[in-house]
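Trainee: Attaching a predicted model along with its sequence, questions to come.
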Amino acid sequence: MKMKTLHRIAAGVLFLQVAYAVVGGILLSLFAEDTSEIDNTDPPAAGGALYLLLVAAVIGGLFAGALLLATPGKFDRVPRWLKRLTLGGAFLVEGVIIAGVALNIITNSFGPDEFLNVVMIILSGIAAVVSAIELFRGGTEVVRSEAQIIS
């Protein structure tokens, strides 16, 4: 496969994951019955706000990574450190997804969900590998340009 095709697949996977998280969160907040007052009478802790902030950061990072992979030439003005941070974050999130799904496959009995889990591992693997390639590709360009300046 061409690298451009892999970029599109990886960007599509990241966009789908962001859409799944956002739409799933909205649907759960609209249709899930809130029993927190019945179950828990303690005042809300600051951990809930921190968790929401972390989830928003991960979703925003995946969305930014998808944009970087989908339109490689459009974001030339973005600082290199921010691109690396975004693509490194996408790589780490995809690695966590792969590990979680693999653990799910290992601990559960065999069934039709394993097919979907394997597809998820493959798609997240493509997104992780492409993110890592782009992460390290940016580093080699810097080394080459600095070597040309020195010589």
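Mentor: Arrived safely.
Trainee: Please make it C-alpha for all contacts and neighbour counts, starting now.
Mentor: OK.
Trainee: Give me the neighbour count for residue 96.
Mentor: Residue 96 sits with 13 neighbouring residues when counted by other CA atoms under 10 Å.
Trainee: helix or strand for it, which one?
Mentor: Here residue 96, judged by DSSP states H and E, is contained in helix 80-107.
Trainee: Can you give me the buried ones in that helix?
Mentor: Neighbour-count burial for helix 80-107, with 16 or more other CA atoms under 10 Å as criterion, is recorded at 83-84, 86-91, 93-95, 97-98, 101-102, 105.
Trainee: now residue 76, what's its secondary structure?
Mentor: Following DSSP: H, G, I helix; E, B strand; the rest coil, residue 76 is assigned to coil.
Trainee: residues contacting residue 31?
Mentor: Shown in contact with residue 31 (CA atoms under 8 Å, 6 or more residues apart in numbering): no residues.
Trainee: one step back: for the buried residues of helix 80-107, name the two members farthest from one another.
Mentor: Within the buried residues of helix 80-107, 83 and 105 form the most distant pair, 32.8 Å apart (CA to CA).
Trainee: so which strand or helix has residue 55?
Mentor: Taking DSSP H and E as the definition, residue 55 sits inside helix 46-70.
Trainee: Over to residue 22?
Mentor: Element membership for residue 22 (DSSP H and E) is helix 3-31.
Trainee: for that helix, the distance to its chain's centre please.
Mentor: Relative to its chain's centre, helix 3-31 lies at 9 Å (CA atoms, centre = their mean, to the nearest Å).
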